[in-house]
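> structure of the sequence below:
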Amino acid sequence: QVQLVESGGGLVQAGGSLKLSCAASGRTFTNYVMGWFRQAPGKEREFVVAISSSGGSTYYADSVKGRFTISRDNAKNTVYLQMNSLKPEDTAVYYCAARRSRVLTTPQEYDYWGQGTQVTVSS
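Residues are numbered from 1 along each chain as shown. Next comes the predicted model:
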């Protein structure tokens, strides 16, 4: 089992920034691909970004490219999501997720999930 705990969400004005953190425990963190997903009210959960187990490869949804940056600190068992130039359409609950092996972008392929953290961007 892998336990994931997100933090860092909040309310921010459009154009502002937030940094989310996801702390992992329970298994060897370096074995896992880490992803961030989000879910807005009335919408399906969608892929945001993922990072390979080594941190050497990253994959971004087109909607966040150039604005969001994922990183991981394997010594701290933590993955981060730096979000800049936030837009009202970024408002959602953001979830951290983990899976073994290769990077995939569909939520169904991830085995472990955090409880989510709310990000609200006001216009």
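
> which parts of this protein are helices?
Secondary structure of the chain (DSSP state H): no helices present.

> which residue would you name as the spatial centre of it?
The centre of the chain sits closest to residue 36, judged by Cα atoms, centre = their mean, with a distance of 2.3 Å.

> hmm, that residue is touching residue 70, no?
Yes - using Cβ atoms under 8 Å, residue 36 makes contact with residue 70 at a distance of 6.6 Å. For the C-beta atoms, the positions are set from N, CA and C on the backbone; glycine is no exception.

> on that earlier part again, got a list of what the residue nearest to the centre of the chain touches?
20, 22, 48-50, 70, 79, 81, 94-97 (Cβ atoms under 8 Å, 6 or more residues apart in numbering).

> name the nearest residue to it, ignoring sequence neighbours.
residue 48 (4.4 Å; Cβ to Cβ, 6 or more residues apart in numbering).

> what do you get for residue 4?
Nearest non-adjacent residue to residue 4 (Cβ to Cβ, 6+ apart): residue 114, at 3.7 Å.

> just to check, the one you found is in contact with residue 9?
No - counting by Cβ under 8 Å, residue 114 stays clear of residue 9, with 11.1 Å between them.

> now do the strands in the protein.
3-7, 10-13, 18-25, 32-39, 46-51, 58-60, 68-73, 78-83, 92-100, 112-113, 117-122 (DSSP state E).

> look up the pLDDT of residue 38 for me, please.
Here the pLDDT value assigned to residue 38 is 98.

> what's the spacing between it and residue 29?
Plainly put, residue 38 is 22 Å away from residue 29 if you go by Cβ to Cβ, to the nearest Å.

> for residue 13, same thing?
Applying Cβ to Cβ, the value for residue 13 to residue 29 is 34 Å.

> and these two? which has more neighbours close in?
A direct count of neighbours by other Cβ atoms under 10 Å for residue 13 and residue 29 places residue 29 higher, at 21 against 10.

> ok, how many other residues are close to the nearest residue to the more buried one once chain neighbours are set aside?
Closest residue to residue 29 apart from its sequence neighbours, by Cβ to Cβ, 6+ apart: residue 77 at 4.2 Å. Residues near residue 77, counting by other Cβ under 10 Å, number 19.
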